[in-house]
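Visitor: Need the 3D shape of this:
(one chain, ligands or ions: 1)
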Amino acid sequence: VNTIRYTDSLKGITADHLRGGFFVGWGDHPSPQTHLRILQGSAYVVLALDGDQVVGFINAISDGVLSAFIPLLEVLPAYNGHGIGTELTRRMLAKLDHLYAVDLICDPDVQPFYERLGMMRYTGMLKRNYARKQGE
Ligand SMILES: CC(C)(COP(=O)(O)OP(=O)(O)OC[C@H]1O[C@@H](n2cnc3c(N)ncnc32)[C@H](O)[C@@H]1OP(=O)(O)O)[C@@H](O)C(=O)NCCC(=O)NCCS
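Guide: Below you'll find the model as predicted:
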């Protein structure tokens, strides 16, 4: 874990580097190829790398003016509890510091994790098209 490297570049990243088993608990989920397209389509990404394998990632979409949304944050189970998720989120929040609104949705059990990083609890609404769970 002390060999973890962080990057905000997708240079050299291929689907093969995303095969560690992301989207735990999703059932149907985006393939590594689709995962790469998600990252490529994001305004901002931060990756945690162990060698050339991606072991954690966070992405944000943004209008570049007022708001950003953080759709995904995940650290592979074998790497949990070592501060990687904290570091990914800290780096992403720093990147988004010029914007007014930075929003995300999470389960109540993860709220303390984000509170420690300076975020606040709120309520929201969402819609899900379950037939699109693997991505378009
Ligand atoms: C949330 C997640 C990214 C944290 O990554 P991580 O590298 O393990 O996080 P860190 O080591 O920086 O911090 C761990 C802390 O987060 C808290 N935490 C993380 N996931 C939690 C969960 N599901 N429930 C309760 N607490 C959680 C723990 O309290 C832990 O604190 P501790 O070290 O004092 O025990 C990781 O658990 C994960 O990928 N979970 C599945 C996907 C997910 O829930 N993503 C967030 C969606 S909004």
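
Visitor: And the residue positioned nearest the centre of the chain, what's its pLDDT?
Guide: In the chain, the residue lying closest to the centroid (CA atoms, centre = their mean) is I58, at 2.2 Å. Predicted confidence (pLDDT) for I58: 99.

Visitor: So it, which state does it fall into?
Guide: strand (DSSP: H, G, I helix; E, B strand; the rest coil).

Visitor: can you pull the contacts of it?
Guide: V45, V46, I70, L72, L73, L88, T89, R91, M92 (CB atoms under 8 Å, 6 or more residues apart in numbering). Using the backbone N, CA and C atoms, a C-beta is placed for each residue, glycine as well.

Visitor: try 10 Å
Guide: Each residue near I58 by CB atoms under 10 Å, 6 or more residues apart in numbering is listed here: 8, 39, 42, 44-48, 70-75, 85, 87-93, 95, 104.
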